[in-house]
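Colleague: Just to be clear, the model below is a prediction. Sequence and coordinates:
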Amino acid sequence: MRRWPFHPLLFAMFPVLFLFARNVAITEPRKVILPFLVVVACAVVVTTVAAVALRDARKGAIAGAGLMLLALSYGHVWTTIQGKTVGGVVVGRDMVLIPLWIIGGVAVVVFASRVRSLPEITGILNAAALALVALAVFNIASGLAGRSGEPVESRPGERSEPIPVASGKTTRDIYYLIFDRYAGPSELEEHFDFDNEPFLDELRDRGFYVADRSVANYPDTTHSMASSLNIEYLDALADKVGSLSTDLRPLHQRIVNPKIARFLKRQGYRYAHAGPWFDPTAHDPTAHVNYHYDKRSEFTQVLLDTTVLQAVGKHVDFLEDLDGRHVPHNQILFQFDAIRSASQLEGPTFTLAHFLLPHEPYTFDAQGNFVTREQELEKSFEEAYVGQVEFANAQIRKLVDDLIDVGERERPIIVIQADEGPKRLEWTYGGEKAWTEATDSQLRLKSSILNAYYLPGIDDPGLYRSITPVNSFRKIFNLYFDTKLALLPDRSYAFGTSKQPYVLTDISSRLGTLDPTRRTP
């Protein structure tokens, strides 16, 4: 233990394992392997160089361990103190932290070069590193044991009851555009003092029906999209998995190769997918075409954000994709272009795009300019959110105009919808607190959503103001494919904490927007 200095490798492993342990319910182990190996390789290189420079393996190990811990902890410290001031000086910024980290690195090397009790210090560091890694591994094992135990299916949902094959069909392209945390008009007015009616009127002028009293069926992306993409509620799934399960994989499985995509593929449609950096919706291996901006996993990006590399990305233009703010910013711009590319695909096409917009990070102002973290901190939550809504509106207008600028017979079916409403940054509902503990006002803000339909060639589609996402494609398939699917009652459900994802409570009566007796054939 005192002779062989293996602690640099363990200290480098710990941040990766710790992050995995914190997110074991939503992260597949295979997505941890590459960043784990890269970090270990970096530790080997840094430690070897330090050992050669200091002419001693144990001194090099001390320097290597210290330098790796500094590099892997920068993002954590920056996030904790960002924007904080001491004596009127802003210390929570890169211009202060980077020099401090350089000084810290020099101090580590100097300490390592002068240390005398090498066997004792090596033994202590080895033991400490082993304890940290053992704790992380234990937490990972406990988290994996808490999963439902069902294998992840490569083509999930194939065994669910299919939609009956249509007797008649359209060949119009179909676009399902989901804008994460885009609030409905009443909540934008009440909570953000923002009048979105001019934008909604522009949609109406273009032929959209705006369901201005619509709410999400569930208060988060995973539940909401697992429901809307399969045109069903999650009660049966919750009963199957069990209320004690914390495993989100069964929900993630229903987002990949969902029922509406399978139905449309049977009608001869090509499936195009343009996802964000959020892993469950980033990629669908069953789509005919996947549009990617950046292929790294969400886990890798989050890990990068904890390191000093994110600071490098912010200040070196050609390395900007190392920065966790530039990636989602560029990803969103890429997605709008990807949809235009999908519109040029041959044959009828179903395009699914999940935009993390106006979801944080708030990297766009109303004109689409990049907003740094420092600039965002100077704004209120309301100002930052509204800026992204205004940018989203401008981009949606341009995209819609491009998509419908064709002959009437070729105009596509378009659904522009949010999966959930906004969440104030200080709220812990859905995390530490159950959503059922939120006030009615908080639930309305989280549930109220944008929901608009462009249904060409249909004189009276029978839409109504409070239609919810679970019924969107039931209605569309009935209108265009004569499927005769019954509409479900429009309801909204909340789950407990992050450890109770399958404990579902009907909150419809608390929202004041739904009419549970409403049916449209």
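Modeller: Yep, that arrived. Residues are numbered from 1 along each chain as shown.
Colleague: distance between stretch 190-202 and the chain's centre?
Modeller: 25 Å (C-alpha atoms, centre = their mean, to the nearest Å).
Colleague: Need the residues that contact it.
Modeller: 183, 185, 188-189, 210, 212, 382, 385-386, 389, 393, 397, 422, 445, 452 (C-beta atoms under 8 Å, 6 or more residues apart in numbering). C-beta here means a position set from N, CA and C on the backbone, and glycine is covered the same way.
Colleague: Which of these fall within helices?
Modeller: By the criterion of DSSP state H, membership of the contacts of stretch 190-202 in helices covers 185, 188-189, 382, 385-386, 389, 393, 397, 445.
Colleague: Please indicate which of those are buried?
Modeller: 185, 188, 385-386, 389, 393, 445 (16 or more other C-beta atoms under 10 Å).
Colleague: Show me which of these is closest to Ser343.
Modeller: Ranked by distance to Ser343 (C-beta to C-beta), these are led by Asn393 at 20.2 Å.
Colleague: Could you find the closest non-adjacent residue to that closest one?
Modeller: Computed as C-beta to C-beta, 6 or more residues apart in numbering, the closest residue to Asn393 that is not its neighbour in sequence is Phe199, at 4.5 Å.
Colleague: Distance of the one you found relative to Leu188?
Modeller: 10 Å (C-beta to C-beta, to the nearest Å).
Colleague: ditto for Ser472
Modeller: Where Leu188 is concerned, Ser472 sits at a distance of 21 Å (C-beta to C-beta).
Colleague: Return the distance of Gly60 relative to Val39.
Modeller: Gly60 is 18 Å from Val39, by C-beta to C-beta.
Colleague: repeat for Arg411
Modeller: Distance from Arg411 to Val39, by C-beta to C-beta: 51 Å.
Colleague: Looking at these two now, which is surrounded by more residues?
Modeller: Shown here are Arg411 and Val39; by other C-beta atoms under 10 Å, Val39 has more neighbours (22 against 18).
Colleague: How many neighbouring residues does the spatially closest residue to Val386 that is not a sequence neighbour have?
Modeller: Leaving aside its chain neighbours, Val386 sits nearest to Phe194 (5.0 Å; criterion: C-beta to C-beta, 6+ apart). As a burial measure, Phe194 scores 18 neighbours (other C-beta under 10 Å).
Colleague: quick thing: my sequence starts at 838, can you match it?
Modeller: Taking 838 as the first residue, the last one we looked at is Phe1031.
Colleague: Moving C-terminal from the worst-scoring helix or strand of the chain on mean pLDDT, which element do we reach first?
Modeller: When the helices and strands of the chain are compared on mean pLDDT, DSSP states H and E, strand 926-927 comes out lowest with a mean of 76. Next helix or strand after strand 926-927 toward the C-terminus (DSSP states H and E): helix 931-951.
Colleague: quick one: contacts of that following helix?
Modeller: 887, 891, 896-897, 899-900, 903-904, 907, 911, 914-915, 926-928, 1145, 1148, 1151-1152.
Colleague: can you pull the buried residues of that helix?
Modeller: For helix 931-951, using 16+ other C-beta under 10 Å, the buried residues are 931, 934-935, 938, 941-942, 945-946, 949-950.
Colleague: Closest one to Phe1318 out of the residues you listed, please.
Modeller: Taking C-beta to C-beta as the measure, Phe1318 sits nearest to Asp931 out of the buried residues of helix 931-951, at 54.4 Å.
Colleague: Quickly note the distance from the closest one to Thr1144.
Modeller: For Asp931, the distance to Thr1144 equals 13 Å [C-beta to C-beta].
Colleague: just checking, Leu981 touches Val861?
Modeller: Yes - here Leu981 reaches Val861: they are 6.2 Å apart, a contact under C-beta atoms under 8 Å.
Colleague: Any figure for the gap between the nearest residue to Ser1285 once chain neighbours are set aside and Glu1257?
Modeller: Among residues not flanking Ser1285 along the chain, Gly1021 sits closest, at 3.6 Å (C-beta to C-beta, 6+ apart). Using C-beta to C-beta, Gly1021 is found at 11 Å from Glu1257.
Colleague: Tell me the one of the buried ones among the ones in helices among the contacts of stretch 1027-1039 nearest Pro1087?
Modeller: For those, the nearest to Pro1087 is Leu1282 (28.0 Å; C-beta to C-beta).
Colleague: So that closest one versus Ser1023, what's the distance?
Modeller: Taken as C-beta to C-beta, the span from Leu1282 to Ser1023 is 10 Å.
Colleague: go on, Leu1262?
Modeller: 22 Å.
Colleague: now Ile1011
Modeller: Distance from Ile1011 to Ser1023, by C-beta to C-beta: 28 Å.
Colleague: Looking at these two, which is more packed in?
Modeller: Between Ile1011 and Ser1023, counted using other C-beta under 10 Å, Ile1011 has the larger neighbour count: 21 against 16.
Colleague: mind listing what that one touches?
Modeller: By C-beta under 8 Å, 6+ apart, the residues touching Ile1011 are 1101, 1106, 1185-1188, 1249-1252, 1313.
Colleague: Take these and keep only those in strands.
Modeller: 1186-1188, 1250-1252 (DSSP state E).
Colleague: As a markdown table, those residues with distance to Gly920, neighbour count and pLDDT would be great.
Modeller: Shown next, in a markdown table, are the ones in strands among the contacts of Ile1011 (distance: C-beta to C-beta, whole Å; neighbours: other C-beta atoms under 10 Å; pLDDT from 0 to 100):
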| residue | distance to Gly920 | neighbour count | pLDDT |
| --- | --- | --- | --- |
| Thr1186 | 45 | 22 | 97 |
| Phe1187 | 43 | 24 | 98 |
| Thr1188 | 39 | 27 | 98 |
| Ile1250 | 45 | 21 | 98 |
| Ile1251 | 40 | 27 | 98 |
| Val1252 | 39 | 22 | 98 |
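Colleague: so can I have JSON lines of these showing distance to Pro842?
Modeller: Conversion of the ones in strands among the contacts of Ile1011 to JSON lines gives the following (distance: C-beta to C-beta, whole Å):
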{"residue": "Thr1186", "distance to Pro842": "58"}
{"residue": "Phe1187", "distance to Pro842": "57"}
{"residue": "Thr1188", "distance to Pro842": "54"}
{"residue": "Ile1250", "distance to Pro842": "64"}
{"residue": "Ile1251", "distance to Pro842": "61"}
{"residue": "Val1252", "distance to Pro842": "59"}
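Colleague: contacts for the least confident helix or strand of the chain?
Modeller: Applying C-beta under 8 Å, 6+ apart, the set of residues contacting strand 926-927 is 920-921, 933.
Colleague: cutoff 10 Å now
Modeller: 918-921, 933, 1211, 1214 (C-beta atoms under 10 Å, 6 or more residues apart in numbering).
Colleague: Name the strands paired with that strand and say parallel or antiparallel.
Modeller: strand 922-923 (antiparallel) (DSSP bridges).
Colleague: Quick one: residues in contact with the partner strand.
Modeller: 928-930, 933.
Colleague: mean confidence score for that strand?
Modeller: Strand 922-923 shows a mean pLDDT of 81.
Colleague: Then stretch 1194-1211?
Modeller: For stretch 1194-1211, the per-residue pLDDT averages 94.
Colleague: Where does Ala878 sit: helix, strand or coil?
Modeller: With DSSP: H, G, I helix; E, B strand; the rest coil as the basis, Ala878 sits in helix.
Colleague: any idea how far it is from Asp1057?
Modeller: Ala878 is 36 Å from Asp1057, by C-beta to C-beta.
Colleague: more crowded one of those two?
Modeller: Between Ala878 and Asp1057, counted using other C-beta under 10 Å, the more crowded position is Asp1057 (23 against 11).
Colleague: That one touches Leu1341, doesn't it?
Modeller: No - counting by C-beta atoms under 10 Å, Asp1057 does not reach Leu1341; the two are 11.8 Å apart.
Colleague: between these two, what contacts are shared?
Modeller: Counting by C-beta under 10 Å, 6+ apart, the residues touching both Asp1057 and Leu1341 are 1272, 1331-1332.
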